[in-house]
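Student: Got a predicted model here, sequence first, then my questions.
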Amino acid sequence: MSETVTRIEIDGAALLDRLRRLGEIGALEGGGVCRLALTDADKAGRDWLVGEMRALGMAVSIDMIGNIWGVRAGAEEGPPVMLGSHIDSVATGGLYDGALGVLAGLEIAAALERAGLRTRWPLAVAAFTNEEGARFAPDMMGSGVHQGALSLDAMLSVVGVDGAVLGDELRRIGYAGDIPPRSLTPRAYLELHIEQGPVLEQAGARIGVVTGVQGISWTEVIFEGQSNHAGTTPIALRRDAGLAAARLAVEARAIADEAGPPQVATVGAIALSPGLVNVVAERATMTVDLRHTDDAALEAAEARLAEAAAVIAAAEGCRVKLRSLARFAPVAFDPALVDAVEAAARARGLFCRRMPSGAGHDAQMFAPNCPTAMVFVPSVGGLSHNVAEHTEPEDLIAGAQVALDVVLPLLEPLP
Ligand code: HGY
Ligand code: MN
Ligand code: MN
């Protein structure tokens with residue numbers, strides 16, 4: 001590590017301008033973005049990002065699952081210090097979820113260039129494919145393949161909620177790269193991200209010092225009953241898949257209520273077939289998202305869900321099938337790097353608070369393989385995955401500055 005501690009400043013206006021420009025891609029009427037993974041809007045965002053990386057003189061690589069990373073060369077070849085996140089969004093996304101981490105990385109590369117600073121190690125800035133998992137499950141897909149937690153072949157054959165096949169879409173948008181998975185393990189990985197929850201705002205903190213990410217379990221549940229006439233079919237003779245799904249949604253909430261925080265449970269999607277006002281539903285397809293910081297507690301919640309589904313199916317005369325869409329254990333970040341985030345925030349006079357992440361992030365795929373940490377900035381009203389998602393400009397800039405201060409010594413500036 002270099003002895004001289006160098007302080008370099010972020011150009012906040014440049015960061016905010018890039019966030020604004022990326023936010024114009026896939027923009028929704030009235031605000032927010034929709035850049036679902038591997039859609040034309042995602043492609044447009046990717047093309048724009050590659051252009052920005054090249055304009056900064058970075059060497060751009062694309063791997064076989066479509067991850068993009070730009071590298072600012074160091075004096076020595078070798079594992080880079082990596083900053084990353086994602087630029088795909090949910091269908092009702094905000095301007096900052098994922099985009100902040102990628103574009104802060106670009107601004108950090110630009111700041112090093114402006115300062116004419118050479119570093120011993122390369123800096124890599126990554127945008128991972130399909131972090132959201134909203135179109136193609138699971139989430140954190142690109143980073144999971146990149147770091148060997150998910151199989152490339154299995155992911156390329158995933159069928160999305162719209163029936164598209166992931167590998168076909170990757171080729172269609174021109175991002176089926178030639179670099180195999182596990183081709184690059186950074187010397188350290190840092191991710192700047194909006195908190196997406198209410199903790200920092202309620203604590204009056206500017207920076208979240210993230211200690212780890214909670215476990216995630218996504219399950220698809222399909223109830224199959226019998227369609228029948230809504231008017232003539234006595235209740236006792238119904239095999240109502242719609243009712244079964246509704247009962248399981250109530251049970252999912254009961255699992256969270258009885259376990260207490262940090263257990264959460266979400267039924268985000270329920271589709272009934274044939275979905276008509278006067279027909280008892282023969283089929284209900286639903287998703288259940290369970291999360292907990294403790295893996296044993298998450299497993300207990302999963303077991304309760306499966307048991308409830310079976311009991312409800314039997315009571316309603318339905319068949320039931322469960323399919324896991326995603327399952328990631330909780331991860332803890334590198335204590336030394338977490339300490340460095342806290343020290344950097346304090347050195348900038350920013351009130352900070354340690355906390356786990358409620359949301360999944362690409363960083364959780366790196367945590368088992370290299371020193372990994374995250375920096376959070378507050379979400380106004382704790383809102384995210386919502387077009388009204390907002391973080392104050394001064395917090396966006398402060399987060400990027402803390403990220404720069406953390407990675408600078410790791411890059412080993414040269415005199
Ligand atoms: O689901 C998540 O936590 C992340 O936004 N993909
Ligand atoms: Mn995100
Ligand atoms: Mn998200």
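Tutor: Perfect, I can see it now. Ligands and ions are numbered 1, 2, ... in the order given.
Student: which bits of this protein sit near ligand 1?
Tutor: Taking C-beta under 6 Å from any ligand atom as the contact definition, the chain meets ligand 1 at E131, E132, G133, D139, A359, G360. Bear in mind the C-beta positions are built from the backbone N, C-alpha and C, glycine included.
Student: Kindly present the residues you listed as TSV, with separate columns for pLDDT.
Tutor: Converted to TSV, the residues of the chain next to ligand 1 look like this (pLDDT from 0 to 100):
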residue	pLDDT
E131	98
E132	98
G133	97
D139	97
A359	97
G360	97
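Student: Which two of the residues you listed have the greatest separation?
Tutor: Between all members of those, the longest pairwise span (C-beta to C-beta) is found for G133 and A359 and amounts to 11.5 Å.
Student: the helices in this structure, which residues?
Tutor: Across the chain, reading from the start of the chain, the helices by DSSP state H fall at 12-23, 40-55, 99-114, 141-146, 152-156, 166-172, 199-203, 241-259, 295-316, 335-347, 363-366, 393-411.
Student: Could you check the angle the last one makes with helix 335-347?
Tutor: Same thing as helix 393-411. For helix 393-411 against helix 335-347, the angle between stretch directions is 130 degrees (axes from the mean of the first three to the mean of the last three C-alpha atoms, to 10 degrees).
Student: Which strands or helices does helix 393-411 pack on?
Tutor: Helices and strands touching helix 393-411, as assessed by 3 or more C-beta pairs under 8 Å, 6 or more residues apart in numbering; DSSP states H and E, comprise helix 12-23, strand 81-85, helix 99-114, strand 188-194, strand 207-213, helix 335-347, strand 372-377.
Student: Let me see the mean pLDDT of it.
Tutor: Over the span of helix 393-411, the pLDDT mean works out to 98.
Student: repeat for the fourth one
Tutor: Model confidence over helix 141-146 averages 98 on the pLDDT scale.
Student: quick one: it near ligand 2?
Tutor: No. For helix 141-146 and ligand 2, the contact criterion (C-beta under 5 Å from the ion) is not met; the two come no nearer than 10.9 Å.
Student: So what's the residue count around the residue of the stretch 51-200 of the chain found nearest ligand 1?
Tutor: Using C-beta to the nearest ligand atom, the closest approach of the stretch 51-200 of the chain to ligand 1 is made by D139 at 3.7 Å. Using other C-beta atoms under 10 Å, D139 has 27 neighbouring residues.
Student: what's the spacing between it and A284?
Tutor: Distance, D139 to A284, using C-beta to C-beta, to the nearest Å: 23 Å.
Student: now do L414
Tutor: For L414, the distance to A284 equals 62 Å [C-beta to C-beta].
Student: Can you pick out the residue with more neighbours from the two?
Tutor: Of the pair L414 and A284, A284 is the one with more neighbours under other C-beta under 10 Å, namely 26 against 13.
Student: Touching, the more buried one and R239? I think so.
Tutor: No. A284 is beyond contact range of R239, at 11.3 Å (criterion: C-beta atoms under 8 Å).
Student: Need the overlap of contacts for these two.
Tutor: Overlap between the contact sets of A284 and R239, as judged by C-beta atoms under 8 Å, 6 or more residues apart in numbering, is given by G225.
Student: hmm, back to that, put together TSV for the helices of the chain, with mean neighbour count on each row.
Tutor: Written out in TSV, the entries for the helices of the chain read as follows (neighbours: other C-beta atoms under 10 Å):
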stretch	mean neighbour count
helix 12-23	17
helix 40-55	18
helix 99-114	25
helix 141-146	29
helix 152-156	16
helix 166-172	19
helix 199-203	17
helix 241-259	19
helix 295-316	17
helix 335-347	18
helix 363-366	28
helix 393-411	23
